[in-house]
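Chemist: I'll drop the sequence and a predicted model, then ask my questions.
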Amino acid sequence: MIKAITGTKDILPDEIHKWLFFENLVREKMSFYNYQEIRTPIFEETTLFSRGIGEATDIVSKEMYTFNDRSEVSVTLKPEMTASVVRAFIEHSLGKKQALNKLFYISPMFRQERPQAGRLRQFHQVGVEAIGSTNPALDAEMIIIAYEILDQLGLKKLSIKINSLGIPESREKYKLILSDYLKKYYEQLSDDSKKRFTTNILRIFDSKDEKDIQIMKDAPLLIEQLDENSLSHFEQVRSILTNLRIPYEIEPRLVRGLDYYTHTTFEIVSGSIGSQSALCGGGRYDLLIEQLGGVPTPGVGFAAGIERILLACENEEVMDIQPNKIDIYIIRLEKELLPKVYELSNQLRIQQITTEIDYLDRSVKAQMREANRLGAKYVVIIGGDEFKNNNFILKNMSNSEEKLLNIAQLTDIKSFF
Ligand code: AMP
């Protein structure tokens, strides 16, 4: 039997209502904040990601689905979307059309990671990007939007961790300081971290190795090296969050996996989904657009993993929503009435009434069972003597009350509900 590829998942009809609910919540939130949706292709030229995300990152070095197409062009299924959004921003000169572009997306992403709970190879992200301003209010807005969505879902075990990576100059200076510190411990580092020591030293903070964690506990911190402007930017972000009573903690070891961040970085972590606990992450990327060949333009954004958010909702037993019930199930007493029943169901659907009929020539009893299974609010019974007199029965399934109505009244059936 052919099965879905490891790390990919079907989203089946009995869970889709949760996805739709979540996506609607996101779209509604985005419209209140005046963000417009952007959709980019599933695949891009590989260089977009290697240049945009950084060669030394885990994503680019280990996780991308990259292949040559039939014209021998190296293409990659998008592992994240900021690089794609920025590519589109540059390609379509969006910055010329308006000074500040506020964008969001909901899209599948692809990374060849080791699958486990909360870690898939095809997963879905909702992401937000504000391109065109260095204003710290927008850094704060990212955190606020992400938090509001999670909070509105009813999630409780959330913590917001924020940090500032400052400007590249401070980071370069800091890398030397960190490297000086780590030289003493080099031999004790895990193999992965030994590699990071030369390729991407900040990422040693992300190591899950116990010994590495011990060593990094006493490491000097980037935040101590920030210049005055960066500190003031960070202070402004914090004061907006504090004003709005958004609970956050400063996590000076939060470096995040992508190379393009400057200033604010943040993550929102859930205490209810195990080790893959980050629900969302983001930050400012003032240099990315220039790096990808655009006119220097600052930006800030975040991405959140939908599967992880839904898993957190399940584990915390929130988002208790039911699939939509149908309004009317039409039961026919005689099989031959199908064409008539079909015509009537059509009239009902035009009135925006969710209607189902029997396509399987079921017995009357079985049709009633099906109406119950579908949670129909009403049943319309067509057939017998009533139908000969142009009448039908409307039965309210919650109190079993029945009304005898004329077929002509079907065009205004809502008034008899
Ligand atoms: P990142 O783009 O790595 O910052 O990830 C942003 C968010 O996407 C994470 O916080 C997760 O919620 C989600 N995410 C990232 N990678 C995966 C994955 N392999 N499977 C499921 N969700 C993921």
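Modeler: Structure received.

Chemist: alpha carbons only for contacts and neighbour counts from here, please
Modeler: Fine.

Chemist: so does stretch 5-19 get close to the ligand?
Modeler: No. Stretch 5-19 lies apart from the ligand when judged by CA under 6 Å from any ligand atom; the minimum separation is 8.4 Å.

Chemist: which residues are contacting that stretch?
Modeler: Stretch 5-19 has contacts (CA atoms under 8 Å, 6 or more residues apart in numbering) with 4, 114-116, 119-123, 310, 319, 321-324.

Chemist: Going by neighbour count, which of these are buried?
Modeler: Listed as buried from the contacts of stretch 5-19 are R119, L120, R121, Q122, F123, L310, M319; burial here means 16 or more other CA atoms under 10 Å.

Chemist: Mind picking the two most distant members of the residues you listed?
Modeler: R121 and M319 (25.3 Å; CA to CA).

Chemist: Inside helices: which ones of the contacts of stretch 5-19?
Modeler: In helices, defined here by DSSP state H, the members of these are L310.

Chemist: right, and out of the contacts of stretch 5-19, which lies closest to Y65?
Modeler: Each of the contacts of stretch 5-19 was checked against Y65 using CA to CA; the closest is R121, at 9.4 Å.

Chemist: could you give the mean pLDDT of stretch 167-182?
Modeler: Over the span of stretch 167-182, the pLDDT mean works out to 92.

Chemist: residues of that stretch that come out buried?
Modeler: Within stretch 167-182, the residues that qualify as buried by neighbour count (16+ other CA under 10 Å) are I167, S170, R171, Y174, K175, I177, L178, S179, Y181, L182.

Chemist: was I right about the first one contacting T262?
Modeler: So the one you mean is I167. Yes. Using CA atoms under 8 Å, I167 is in contact with T262, at 5.7 Å.

Chemist: Quick check: residues of the stretch 201-350 of the chain near the ligand?
Modeler: Counting by CA under 6 Å from any ligand atom, the stretch 201-350 of the chain comes close to the ligand at A278, L279, C280, G281, A303, A304, G305, R308.

Chemist: Pull the contacting residues for the nearest residue to G154 once chain neighbours are set aside.
Modeler: Distance criterion CA to CA, 6 or more residues apart in numbering; nearest residue to G154, sequence neighbours excluded, is V318 at 5.8 Å. Contact criterion CA under 8 Å, 6+ apart gives L153, G154, L155 as the residues in contact with V318.

Chemist: ok, of those, which come out buried?
Modeler: The buried subset of the contacts of V318 - by 16+ other CA under 10 Å - is L153, L155.

Chemist: ok, then the element right after the lowest-mean-pLDDT helix or strand in the chain?
Modeler: When each helix and strand of the chain is scored by mean pLDDT, DSSP states H and E, helix 58 comes last, with a mean of 84. Of the helices and strands lying after helix 58 in sequence (DSSP states H and E), the nearest is strand 66-68.

Chemist: follow-up on the earlier one: among the contacts of stretch 5-19, which lie within strands?
Modeler: Judged by DSSP state E, the subset of those located in strands is Q122, F123.

Chemist: Out of the contacts of stretch 5-19, name the two that are farthest from one another.
Modeler: When these are compared pair by pair using CA to CA, the maximum separation belongs to R114 and N324, at 35.6 Å.

Chemist: Next, see if the least confident helix or strand of the chain gets close to the ligand.
Modeler: No. If you take CA under 6 Å from any ligand atom as the test, helix 58 misses the ligand, and the best it gets is 9.5 Å.

Chemist: Could you do stretch 119-129 as well?
Modeler: Yes. Stretch 119-129 reaches the ligand (CA under 6 Å from any ligand atom) through R119, L120, R121, F123, Q125.

Chemist: any idea how far Q152 is from N324?
Modeler: When distances are taken as CA to CA, to the nearest Å, N324 and Q152 turn out to be 20 Å apart.

Chemist: Tell me who's in contact with G299.
Modeler: Neighbour list for G299: E129, A130, I131, G132, S133, T134, R284, Y285, D286 [criterion: CA under 8 Å, 6+ apart].

Chemist: How about the second one: which residues does it bridge to?
Modeler: Here A130 sits in beta bridges with K102, V300, as judged by DSSP bridges.

Chemist: Report the buried residues of stretch 67-81.
Modeler: If you call a residue buried by 16+ other CA under 10 Å, then stretch 67-81 has these buried ones: V75, T76, L77, K78, P79, E80, M81.

Chemist: Same question for stretch 210-230.
Modeler: By neighbour count, with 16+ other CA under 10 Å as the criterion, the buried positions of stretch 210-230 are D212, I213, I215, M216, A219, P220, L221, L222, I223, Q225, L226, S230.

Chemist: Endpoints of it, how far apart?
Modeler: 32 Å.

Chemist: how far is that stretch from where the chain is centred?
Modeler: Its chain's C-alpha centre lies 30 Å from the corresponding centre of stretch 210-230 when counted by CA atoms, centre = their mean, to the nearest Å.
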